[in-house]
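*Asks:* Sequence first, predicted coordinates after that:
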Amino acid sequence: MSSTTDSGASAAAPTGGPAHKREAPRAASASLALAKRFLTAREGSIIVVTILLTVYFALTVSEFFTSANFQTLLQYFTWLAILAAGEVFLLIMGEIDLSIGGVYLFAPLVFYEIHGGGIPLLPSLILTMLVCMVVGLVNGVITAVFNVASFITTLGTLFTLEGLTLIISHAQQLNMPGSPTTNPTTGGTVLSTFGSVFGAGTYSELIWALIVIVVMQAALTRTRWGLHTIAVGSNRIAAAEAGVRVRFVLIRNFIVCSTFAGFVGILEAVRSSSITPDPSASNSILLNAIAAAVIGGTLLAGGSGTI
């Protein structure tokens, strides 16, 4: 009887050993699959590059991880993130908006003129955003209803807004309302609540950028709006036959893109305390925004993208 039990135990032992050893290769393969999935994701490669660059500068520049340096770096990417977030929704649909540079340039001037008419800062901002939405509406209607290529439509809008900015401002630099001012008594900087929230605060643009990124990514992946945007970009005819209102989706995304461009123009003008009617700068800004959207993982051909 004992021999039978011993033989059964000895027979069962070998089966337990290999089963336990097989868990290690299985875990390793799962880790490799996860790493491969991350690297092949649209966001994966650029995140790896960002981490490597951060490590490089941290090792070579002693002042890299300092608050002063971080505050300086914020000025170069927060506004770009907001602009690119709006552009992504159009690129996914196979469209493009070149007028964001013109809207960026034009919005602070509109804000200046409205506030100069005696309207308070916040209502002036709201009215300026409505003007930017009208610009996006015009772009959307011309593209979606009259079937003019968005490249041509928005290029014309870009030139128009740049010309209007130069005409209205007389090509002169202006002081931005709501921006930091100097106290004549103490010589210190005076910052209003409006300025601290809309651009002049140390981390105000970063907070706005994070809000826009989270909201727009959720809209793209979790709402019908995002689903319809991707569907139209993948196959416009099939999306229309499935009941998607293609023209409405196009127009809405043009409006969103122009609104973000105008909002960024306000933030940057408040931060810098000035309105600079420089068309060459606006052209550089729009190219940076489109490049940021593409580098971030959005296809120029449409159908796929990520905030």
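*Replies:* That came through fine.
*Asks:* All the strands of this protein, in order from the start?
*Replies:* Using DSSP state E, the strands of the chain run over 174-175, 181-182, 189-190, 274-275.
*Asks:* Residue 269 contacts residue 198, correct?
*Replies:* No - with contact defined as Cβ atoms under 8 Å, residue 269 does not count as touching residue 198 (9.5 Å). In short, each C-beta sits where N, CA and C put it, glycine included.
*Asks:* tell me the centre residue of the chain?
*Replies:* With distances taken as Cα atoms, centre = their mean, the residue of the chain nearest its centroid is residue 85 (2.5 Å).
*Asks:* and the gap between it and residue 246?
*Replies:* Residue 85 sits 22 Å away from residue 246, going by Cβ to Cβ, to the nearest Å.
*Asks:* can you pull the contacts of the closest residue to residue 79 other than its chain neighbours?
*Replies:* Spatially, and ignoring its direct neighbours in sequence, residue 79 is nearest to residue 264 (4.7 Å; Cβ to Cβ, 6 or more residues apart in numbering). Residue 264 is in contact with 79, 82-83, 104, counting by Cβ atoms under 8 Å, 6 or more residues apart in numbering.
*Asks:* cutoff 10 Å now
*Replies:* 78-83, 86, 100, 103-104, 107, 199, 205, 208-209, 212, 285, 289 (Cβ atoms under 10 Å, 6 or more residues apart in numbering).
*Asks:* that older thread, isn't the residue nearest to the centre of the chain up against residue 257?
*Replies:* Yes - taking contacts as Cβ atoms under 10 Å, residue 85 lies within contact range of residue 257: 9.0 Å.
*Asks:* Need the overlap of contacts for those two.
*Replies:* By Cβ under 10 Å, 6+ apart, the residues touching both residue 85 and residue 257 are residue 289.
*Asks:* on that earlier part again, give me the pLDDT for the residue nearest to residue 79.
*Replies:* What the model reports as pLDDT for residue 264 is 96.
*Asks:* now do residue 156
*Replies:* For residue 156, pLDDT reads 97.
*Asks:* And for it, the neighbour number?
*Replies:* 16 (other Cβ atoms under 10 Å).
*Asks:* among the strands of the chain, which is the most enclosed?
*Replies:* strand 274-275 (a mean of 20; mean count of other Cβ atoms under 10 Å).
*Asks:* Residues touching that strand, excluding its own?
*Replies:* Contacts of strand 274-275 (Cβ under 10 Å, 6+ apart): 105, 107-109, 111-112, 165, 169, 172-177, 179, 265-266, 268-269.
*Asks:* quick one, what contacts residue 260?
*Replies:* Residue 260 neighbours (Cβ under 10 Å, 6+ apart): 79, 82-87, 89, 97, 100, 103-104, 129, 132, 136, 212, 216, 289.
*Asks:* oh, I was asking about residue 248
*Replies:* 140, 144, 228.
*Asks:* ok, of those residues, which one's closest to residue 277?
*Replies:* residue 140 (25.8 Å; Cβ to Cβ).
*Asks:* Based on its surroundings, how many neighbours for the closest one?
*Replies:* 27.
*Asks:* thought it was touching residue 99?
*Replies:* No - in this structure residue 140 lies outside contact range of residue 99 using Cβ under 10 Å: 11.1 Å.
*Asks:* shared neighbours of these two, anything?
*Replies:* 150, 153, 254, 257-258.
*Asks:* follow-up on the earlier one: any shared contact partners between residue 269 and residue 198?
*Replies:* With Cβ under 10 Å, 6+ apart, residue 269 and residue 198 have common neighbours 178-179.
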